[in-house]
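> Structure of the sequence below:
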Amino acid sequence: MATFGTLSDRLTETFRNLRKKGQLTPADVDGTVREIRRALLDADVALPVVKEFTAAVRERALGDEVNRALNPAQQVVQIVNDELIGILGGQQRRLQFAKNPPTVIMLAGLQGSGKTTFAGKLAKMLEKDGHTPLLVACDLQRPNAVNQLQVVAERAGAAIYAPEPGNGVGDPVKVARDGVAYATRQQHDIVIIDTAGRLGVDAELMKQASDIRKATQPDEVLFVIDAMIGQDAVNTAKAFQDGVDFTGVVLSKLDGDARGGAALSVASVTGRPIIFASTGEGLDDVEPFHPDRMASRILDLGDILTLIEQAQNAFDEAEAMKVAEKLATETFTLEDFLEQMQQMKKMGSMKKMLGMLPGMGNMKQQLEDFDERELDRTEAIIRSMTPGERRNPKVLNGSRRLRIARGSGMTVTDVNQLVQRFEQAAKMMKTVARGGVPNIPGMGPVGGKPGASSKRGKQQKAKGSRSGNPAKRAAENAGIAASTAPTGSGFGLGGQKAPTEADLAELQKMLGRG
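Reported below is the predicted structural model:
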C-alpha cells in the first residue's frame, strides 16, 4: 500500500540485517529497536505511540520467547507484527446495525477528507450485501456539496434525500431529523448522513455536528480521516472525539504517497477502532479494515486473505469448474482466456493485487513499470479475431495476422507474440492440470531438480552453426539467438525487459485462471 511504502521499506531492511545473525545479543535488540523507532518517527507516527510500541517490542525481544527460539530473527519479526496489530486496533470491528431499522450512520471529519465520496462507497458496499441505504445531504455550508452528493449517489445507484439546495441555505439538523423519518416511511434500512466538513477545529460547526447527533441518535458515528495529513491527525481526532464522540474511524486516501503515520496513531490514541479503509478514488475502492492484514502488508508479508476474497467476489465458481475441465481436456482457447481476463479485471488494479503477494516489496520498480493497459491491448487483439480464429489460433496465417493487427491498432509482431505467449501459457496450464511440473519462462521448472535448467542452458549455449561459409554461419547464429531471446512482458506485448516482467505476466495468467 503506497501510504506505508517508506515505512515498509525501512522495517524490511532492518529485519533483513537481523536475519544474518544466528543469535541475538541485547546490543542487537537495542539496535533493531532504535531503527524501528526512527522508521516510525519518519513515518509521522505520534511520539507517545512510538514510545509505547518500541518499549513493548524491546521488552518482548529480550524475553525468553526469543532467547529460546530456534530462529530469533523470525521471532522478533513476529513480535513486531503482533505489536503493530495492537496499535492498529487488535481485532477487526464490523458495523453495528440497529435492532429496529433504520440503522443511522453519521459521517464526520475535516473538509476534504473524503466524507462525501466515502458516503457513496459505503452505500454501494451495503447495497451489495442486500441493504437499501439512503444518503442524507446535511452538508449545507460547502459550495455545491449537495450537488456532489447527488452525483455520487447516482453513480452508486443509491437513493438520496436532499430537500435543501445548500450553499449556506437550510438547517442541517432539521434535514437530518427529517431524513431519518423519510427513510422510515420509505422502508430504507440504513441512513447515511453526510455532515459539513471543517477546515480546522471550528466550535460552531462542531456544535452543529453534536446537535445532529442528538437529533438522530446514530448507531454509528464514523470519523473520516485523511491518512496523509500527518501529526495533526492526532489533535484533530482528539477534538472530534471530545466534540462528537465518534464510534469508529475510516482511513481515506491510503493510495497516496504520504508517510501515513496518522493511520498508525489514530486507533491507539483515541481508543476507537478503524472500521474501513479507502484505497482509491473509485466507488469500489474501499474495504473493511483488518489490523492483522494491514500489519502483514506493512511488514511485506503479503495479504493473501484479501486477495482470495477479491478473487471469490470476481470469479464465478461454476465458470471456474468449466475452465478447469477445459484445461484438463486441452480445449482451453483464446475465447476462454478472454473471459478469464475480463473476470480478472473485475478484481481491480493488477498492481494492487500483485502488491498483496508476500515479498513484492522487493519488486517495487517492476510493479511500477507494469503497464496495466496491456490487458486492454491483449483484449483488443483477441476481439479483432473471428470466433474460429479464437478457437483455433493455428489457422492464423500472415494475411489474417495483418488484418488482426490493423483491426486492433497493434502490430503484427504484437499479434505473433500474443499467440506465442498464449501457447506457452496453455501448455503450462495443461501440465499443471495433469499434475506435472510447469516450466515458467525466465524461472525454469518449478520444483525441478537443482541444476537441471542450468545444464540445459549450457547445452543450448554450445549449439550454433558449423557452416564453413562465414556469412551463412553468422546469419544462422543470429536466427538461433532470436529464437531463444525472451519476448516482452504479458503475452509478449509492450516489449519490456525480461525475465522480471515475464514472471509478473505469468502471475497475471495464474490469477486469471480463477
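> So V266 is in contact with V234, correct?
Yes - look at V266 against V234 with Cβ atoms under 8 Å: they come within range, at 6.9 Å. In short, each C-beta sits where N, CA and C put it, glycine included.
> more crowded one of those two?
Set V266 next to V234 and count neighbours by other Cβ atoms under 10 Å: V266 wins out with 28 against 24.
> Pull the contacting residues for that one.
Contacts for V266 (Cβ atoms under 8 Å, 6 or more residues apart in numbering) come out as 225, 233-234, 237, 249, 251, 272, 274.
> Of these, which belong to strands?
When the contacts of V266 are checked against strands (DSSP state E), the matches are 225, 249, 251, 274.
> would a markdown table of those residues with pLDDT, neighbour count and distance to L338 be doable?
Formatted as a markdown table, these follow (pLDDT from 0 to 100; neighbours: other Cβ atoms under 10 Å; distance: Cβ to Cβ, whole Å):
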| residue | pLDDT | neighbour count | distance to L338 |
| --- | --- | --- | --- |
| I225 | 86 | 29 | 42 |
| V249 | 90 | 25 | 41 |
| L251 | 86 | 26 | 36 |
| I274 | 89 | 25 | 39 |
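> Show me which pair in these is furthest apart.
Maximum pairwise distance in the ones in strands among the contacts of V266, criterion Cβ to Cβ, is 9.2 Å, between I225 and I274.
> where do the contact lists of the two overlap?
The contact sets of I225 and I274 overlap at 249-251, 266 (Cβ under 8 Å, 6+ apart).
> With respect to K394, which of the residues you listed is nearest?
K394 lies nearest to L251 out of those, by Cβ to Cβ, at 51.7 Å.
> Give me the below-cutoff pLDDT ranges for this protein.
Low-confidence segments of the chain, defined by pLDDT under 70: 1-6, 20-22, 64-70, 198-201, 230-231, 255-263, 300-330, 344-372, 426, 428-514.
> Please, where are all the strands along it?
Secondary structure of the chain by DSSP E: the strands cover 103-109, 133-137, 159-161, 190-194, 220-226, 248-252, 274-278, 286-288, 439-440, 444-445.
> With E52 as the reference, name the closest of these.
With Cβ to Cβ as the criterion, E52 lies closest to strand 274-278 of the strands of the chain, at 17.5 Å.
> strand partners of that closest one, parallel vs antiparallel please.
Strand pairing for strand 274-278, using DSSP bridges, gives strand 248-252 (parallel), strand 286-288 (antiparallel).
> got a list of contacts for that strand?
Identification of contacts with strand 274-278 by Cβ under 8 Å, 6+ apart yields 88-89, 93-95, 114, 117-118, 121-122, 222, 248-254, 263, 266-267, 285-289, 291, 294.
> Of the residues you listed, keep whichever come out buried.
Buried members of the contacts of strand 274-278, scored by 16 or more other Cβ atoms under 10 Å, are 88-89, 93, 95, 114, 117-118, 121-122, 222, 248-254, 263, 266-267, 285-289, 291, 294.
> Neighbours of R16, how many?
A count of nearby residues for R16, using other Cβ under 10 Å, gives 11.
> going forward, begin numbering at 11 instead of 1
OK, 11 is where the count begins now, so the last one is R26.
> Okay, it and Q33: tell me how far apart.
Per Cβ to Cβ, to the nearest Å, R26 is found 17 Å from Q33.
> go on, A193?
Here A193 is placed at a distance of 63 Å from Q33 (Cβ to Cβ).
> Between those two, tell me which one has more neighbours.
Regarding A193 and Q33, a neighbour count based on other Cβ under 10 Å identifies A193 as having more, with 24 against 9.
> wouldn't the more buried one be in contact with H141 here?
No - using Cβ under 8 Å, A193 is not in contact with H141, being 11.6 Å away.
> Need the overlap of contacts for those two.
Applying Cβ under 8 Å, 6+ apart, one finds that A193 and H141 are jointly contacted by I200.
> Tell me, how many residues neighbour the closest residue to L136 other than its chain neighbours?
Excluding the flanking residues, the one nearest L136 by Cβ to Cβ, 6 or more residues apart in numbering is P143, at 4.9 Å. By the criterion of other Cβ under 10 Å, P143 has 27 neighbours.
> Need the strands paired with strand 284-288 in CSV (columns: distance to R431).
Shown next, in CSV, are these (distance: least, Cβ to Cβ, whole Å):
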stretch, distance to R431
strand 258-262, 39
strand 296-298, 32
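> Return the residues in contact with L132.
Applying Cβ under 8 Å, 6+ apart, the residues contacting L132 are 115, 143, 202, 286, 296.
> Quick check: of those residues, which lies closest to Q158?
Among the contacts of L132, I202 lies closest to Q158 (Cβ to Cβ), at 14.3 Å.
> Go ahead and confirm the closest one touches T142.
No - using Cβ under 8 Å, I202 is not in contact with T142; the gap is 11.5 Å.
> Give me the more crowded residue out of these two.
Neighbour count, other Cβ under 10 Å: between I202 and T142, I202 has more, with 30 against 17.
> mind checking how far the more buried one is from R187?
15 Å.
> Please report the distance of the residue nearest to K217 when sequence neighbours are not counted from R401.
The shortest distance from K217 to any non-neighbouring residue, by Cβ to Cβ, 6+ apart, is to G253 (7.7 Å). Plainly put, G253 is 65 Å away from R401 if you go by Cβ to Cβ.
> More neighbours: which of these two?
G253 (19 against 14).
> so what's the more buried one up against?
211, 216-217, 219-220.
> and the gap between V161 and G99?
Counting by Cβ to Cβ, the gap between V161 and G99 amounts to 33 Å.
> Could you list which residues are in contact with the nearest residue to N426 once chain neighbours are set aside?
Excluding its sequence neighbours, the residue lying closest to N426 (Cβ to Cβ, 6+ apart) is R411, at 6.6 Å. Taking Cβ under 8 Å, 6+ apart as the criterion, R411 is in contact with 422, 425-426.
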